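**Q** after the sequence you'll find the predicted model.
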Protein chains: 2
Amino acid sequence: MSPPPDDPDIQPGPTGQPPEIAFASGAEWLRGEGEHADVVMSSRARLARNLAGFPFMTRADRAARQAILDLCRAHINACALANRLLWLDLHKAGAPERTLLVERHLISQQHARGRQSTGAGGLDEPRAVAVSIPDERLAVMVNEEDHLRVQVLRSGLALDRAWEECDAADDKLEAGLDYAFAPRFGYLTACPTNVGTGVRFSVMLHLPALKLTGEIDKVKRAAADLSLAVRGFYGEGSDAAGDFYQISNQVTLGKSERIILHELHSEIIPKVVEYERAARRTLLAKRRASLEDQVFRALGLLRHARLMTAEESMQLLSHVRLGVVLGLISGISQTRVNQLMLLTQPAHLQRAAGRPLDQEQRRAVRAQILQQHLAS
Amino acid sequence: MSPPPDDPDIQPGPTGQPPEIAFASGAEWLRGEGEHADVVMSSRARLARNLAGFPFMTRADRAARQAILDLCRAHINACALANRLLWLDLHKAGAPERTLLVERHLISQQHARGRQSTGAGGLDEPRAVAVSIPDERLAVMVNEEDHLRVQVLRSGLALDRAWEECDAADDKLEAGLDYAFAPRFGYLTACPTNVGTGVRFSVMLHLPALKLTGEIDKVKRAAADLSLAVRGFYGEGSDAAGDFYQISNQVTLGKSERIILHELHSEIIPKVVEYERAARRTLLAKRRASLEDQVFRALGLLRHARLMTAEESMQLLSHVRLGVVLGLISGISQTRVNQLMLLTQPAHLQRAAGRPLDQEQRRAVRAQILQQHLAS
C-alpha cells in the first residue's frame, strides 16, 4: 500500500498511524479566524460521490471495496488534490489513531468503526482517508457510506470558499473517476437524503448566550421549520456539548448547490449569528457581573481542577471562549480555546500521555493539559 | 467618656469607632499556631461575673447600667489588664463597628444588639467592651448578659494558657470589684447554666475530613453524650459554616475549673483531633486524587470568581485550609486563610471598601478581596 517513493503528494504513516508531526500545528479550522468567528467556529462543505460500475457500499464485498480503494488511491495520488496529502488506511490503523481522526473531525465515527452491514467484520474492511496537511482543510473518505466523501473545513463562516474548494477537488477527482450519475436524479448516493447534488453544508456555531438566556430552543425550532438539522459538536447523535451547535441542510435533491449555499451562508446563518450577538449584548448590559462571574469561574476551574470529565471540560471551555470573544478574559486566544476542545478528547489525551489511559487517568491528564495551556 | 489622657493603657476610638490601625495586624488567634493547629483553630476561656449590690442585667435600669459601666471602666482602666487596651462604648458605636467586633469574635451578637428585655431601647443601653490590642487576645464585655464577661482567645489548643490568662485577669478585676458570690453556689450569674465557676471553655475545630467522610455526626453525638455543646463559627445559633465546629462545656456547677479544663484540653479535644487526622489520612490514602481536585477547585473558584456569597466563601476557604494544612497547596499560609474568613465578613468588607455595601456589592467586593489575597 506504500505510494511510489517519487510521489511527493502523498505522505503515508508507515503503519497507517498519523505521524505526530502531521497534527502538531493544529487544523486551520480551529484558528478562530474568518467571518463571524465570534459565533461561527467553522464551516464545512461535503460531497457524496460513488463510482459507476461498482455496487454501493451496502452491497460491496471485500474484493469490491479493495478495488474501489485501489482505484481511488491511484487517482487521488495522481491528481494533486493538495500540496501535501496524508493517506491513511483505516483498516490498518489502531483504535487510538482512528479515534484521533474522529476527534479532529476528519472522519466520521462510522468510518472509524467500519461498516457492519455486509456481515463481514467492519474494522478490517478496506477503507481510507486522505487528509491535506498540515492545514487539515481537505479530507477525502474512501469507502465510508459512499465510495467517496469529500469535505472541506474552514474557520469562521466560509461556506462559499469551502464549497469552491470542495467543488474544485471534486472536479479533479471526476477527471479520472467515473461517477455514478443519473440525469433525472443527479449524483447517486447510498442514502436517498444525499441524492441529487450530494452536497451537505454545515456550520458549527457557538451559542452560549442563547443557551444562557434560554432562547436556544427558538433557534432549534426555526431550524427545524427550515428543514435544517441541528446536531452537536461531533455531528449525528452527539449532544450539543459546550453550547456548540452544528447546523446543516438536509435536502440535497431539487435544489442547486448555489441556492442551498446562498440560503445558509447569506441568509440563515447570519440571522442566527445576529441573534446570538444580541443575546450577548443583553447579557453584558443587564447581567454583566454574573456573566463575568460565570466566565471567570469556568477559567478558575479549568486552571485548578485535578480531575475533569470531557463533558465538564467542554462546558467550561465554552464559557471561557465566550469570555475571550467578549474581551472579558485577556491573554488567552480563541485559537487556544478551540484547540483545547480537541486536545482534551480521549485519543488526543492518550497521544499526549504516550500510553493507553483508563477513564480515571484521562480525567487527570485532561486536567493537566488544561492547566498547562491556560496557565495565568 | 474619654479616659484620662495620662493613662496609656486605654486607647479609645474618639467616636467609639475602632481605629483602623487597631485591627490591622490581625488577631493572634488567627495565626494558625500552637498545639494541634492543623485541626484546632482557636481556644477560648470565658468567665461570667456580676457585681454585688447591683441587680442582674435583666432587672437593671438605665441608671444601674450606667453605674456598672462607670465602675467597671474606672477599675479596668486602673488595673492594667493588658499592655494596651482599647475601650469601646457600644451604645456610641455605629452598626458597622459593632458588627465588625462580632465578626472578630470580640463581642457577642447579643452584646452588639443590646439587651431588649428591659423594654428600654437596646441599642443605646450603656455597654462596652475592652479589647487588648493589637493581639485581641483579651476581651472584657461590660453589661452583656452578665455585668462582666471576660474572654481570652488563643490560637491552637491552648485552653490551659487561655484559662491562666483569664484567671489572672479575673484576679485583677476582683481585686477592685465586689463580685456576687454565694458559698453554696459559687459565682452568681444571670443564667443558671453559668452559675458556679462561671467558666466556659470552647474550642474552634476545623473538621473538613470528618465532614467529607460523613463521620461528623458521630462526633456530634459523642459531644452531646458528654454534655458538650456543638455550635458554628459564630457561636450560639450559627451554622457550622465551612466545617468549623465550636465545642464547649455546658456544665459550670459542681465541677472545678481544673476538672472541666482537664477533661476538654487533655482528653476530649485530643480525641476529636486524632479522629479528624485519621479521616484526613484515610482521604489521602484512598481518595487522594479527588481530595486534591476538591481542594484546588476551591482555590480556583476563590481566585477567579467575581461574585461570592459569605457561605460559599467559607466553604471554599475551609477546603483550601485543608489543602494548606495537608501540604497539598503551597505558597499560601494557614494564617492567610484564617484571616480571610474574617476579612470576607460583611462589616470587614465595608471597612475595606470604605463605604456601605448592599448584598450584591458585598459579593463583588468579597470576590475582589479573595482574589487579591490568594493571587498565585
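**A** Now that the structure is in, tell me what you want to look at.

**Q** quick one, domains of chain A?
**A** Residue ranges for each domain of chain A read A:28-283, A:287-373, as given by automatic domain parsing.

**Q** and the longest one, end to end?
**A** Separation of the first and last residues of domain A:28-283 by C-alpha to C-alpha, to the nearest Å is 30 Å.

**Q** the last one now?
**A** When the termini of domain A:287-373 are compared using C-alpha to C-alpha, they are 29 Å apart.

**Q** I'd like the average pLDDT over that domain.
**A** The pLDDT scores in domain A:287-373 average 95.

**Q** next one: it to chain centre, how far?
**A** Here domain A:287-373 is found 19 Å from its chain centre; the criterion is C-alpha atoms, centre = their mean, to the nearest Å.

**Q** once you drop chain neighbours, what's closest to the residue in the stretch 151-300 of chain A that chain B sits nearest to?
**A** Residue of the stretch 151-300 of chain A nearest chain B, by C-beta to the nearest C-beta: residue A:300 (2.8 Å). C-beta coordinates here come from the backbone N, C-alpha and C atoms, glycine included. Counting by C-beta to C-beta, 6 or more residues apart in numbering or on different chains, residue A:300 lies nearest to residue B:304, which is 2.8 Å off, once chain neighbours are set aside.

**Q** pairing partners for the longest strand belonging to chain A, with directions?
**A** Taking DSSP state E as the criterion, chain A has its longest strand at strand A:40-49. With DSSP bridges as the test, strand A:40-49 is paired with strand A:148-155 (antiparallel), strand A:199-206 (antiparallel).

**Q** the following helix or strand past it - contacts with which helices or strands?
**A** Downstream of strand A:40-49, the first helix or strand assigned by DSSP states H and E is helix A:62-78. Applying 3 or more C-beta pairs under 8 Å, 6 or more residues apart in numbering or on different chains; DSSP states H and E, we find helix A:62-78 packed against strand A:85-89, strand A:128-132, strand A:138-142, helix A:159-176.

**Q** what mean pLDDT does the longest strand of chain A get?
**A** When pLDDT is averaged along strand A:40-49, the result is 95.

**Q** kindly report the same for stretch A:209-219.
**A** Mean predicted confidence for stretch A:209-219 is 92.

**Q** neighbouring contacts of it?
**A** For stretch A:209-219, contacts defined as C-beta atoms under 8 Å, 6 or more residues apart in numbering or on different chains pick out A:207, A:230, A:243, A:245, A:272, A:275-277, A:279-280, A:282-283, A:291, A:294, A:322.

**Q** tell me which residues of that stretch are tucked away?
**A** Neighbour counts over stretch A:209-219 (16 or more other C-beta atoms under 10 Å in any protein chain shown) mark A:209-213, A:215-216, A:219 as buried.

**Q** can you redo the residues you listed as JSON lines with secondary structure?
**A** Below are the buried residues of stretch A:209-219 laid out as JSON lines (DSSP: H, G, I helix; E, B strand; the rest coil):
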{"residue": "A:209", "secondary structure": "helix"}
{"residue": "A:210", "secondary structure": "helix"}
{"residue": "A:211", "secondary structure": "helix"}
{"residue": "A:212", "secondary structure": "helix"}
{"residue": "A:213", "secondary structure": "helix"}
{"residue": "A:215", "secondary structure": "coil"}
{"residue": "A:216", "secondary structure": "helix"}
{"residue": "A:219", "secondary structure": "helix"}
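
**Q** perfect, that will be all.
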